[in-house]
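Student: Coordinates only, no sequence provided:
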């Protein structure tokens, strides 16, 4: 006969009673820049922001900030700001950097960075005109630079 070694209490799973209220869920919006994560929680008239190497570290720091804020307010605040002692997090990811990265591929952005007029670059793209060697080289270098940025991009 085989016996399961799984025991919920041993690995820290909370026991949920039938009368227990569900824990409030707070949304953390994460954005990665280089090797750091930026995290923020936005609630009614409240903004908590911090950084960390992992989403878990960001969550711990934000949790600490929220508890300090709740303790500071104490009984002087309306309930909309108050948090119970425990809450859970829902992680969402900020896509601003993705939008910024893809906007670089717009004709106007490429033209500006290559020092070519947008009309001329549009004509190059539709084969109505053809670039000189120097212009083609500028465009190629710019596209390769964007490629390196894309390779190094990390969202998670």
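Tutor: Happy to help now that I have it. Source: prediction; values computed, not measured.
Student: Now tell me what touches the host helix or strand of residue 63 from outside.
Tutor: For residue 63, the host element (DSSP states H and E) is helix 55-73. Helix 55-73 is contacted by residues 26, 28, 30, 37-41, 46, 48, 50-52, 81-83, 85, 87, 89, 91 when judged by Cβ atoms under 8 Å, 6 or more residues apart in numbering. For the C-beta atoms, the positions are set from N, CA and C on the backbone; glycine is no exception.
Student: Buried residues, it. List them.
Tutor: Neighbour counts using 16 or more other Cβ atoms under 10 Å place 55, 58, 59, 61, 62, 63, 66, 69 of helix 55-73 among the buried residues.
Student: Going along the chain, name the helices of the chain.
Tutor: 55-73, 96-103, 107-114, 118-125, 133-152 (DSSP state H).
Student: any idea how far residue 99 is from residue 156?
Tutor: Between residue 156 and residue 99 the distance, using Cβ to Cβ, to the nearest Å, works out to 17 Å.
Student: Repeat that for residue 27.
Tutor: For residue 27, the distance to residue 99 equals 20 Å [Cβ to Cβ].
Student: Give the rounded mean pLDDT of stretch 61-75.
Tutor: Mean pLDDT, stretch 61-75: 82.
Student: Tell me what angle the helix-or-strand element of the chain with minimal mean pLDDT forms with helix 107-114.
Tutor: For the chain, the helix or strand with the lowest mean confidence is helix 96-103, at a mean of 84 (criterion: mean pLDDT, DSSP states H and E). Here helix 96-103 runs at 80 degrees with respect to helix 107-114, directions being taken by axes from the mean of the first three to the mean of the last three Cα atoms, to 10 degrees.
Student: Could you list every helix and strand in contact with helix 96-103?
Tutor: For helix 96-103, the packing partners by 3 or more Cβ pairs under 8 Å, 6 or more residues apart in numbering; DSSP states H and E come out as strand 25-33, helix 133-152.
Student: what about this protein, any weak spots by pLDDT?
Tutor: Low-confidence regions of the chain, defined here as pLDDT under 70, cover residues 1-20, 75-85.
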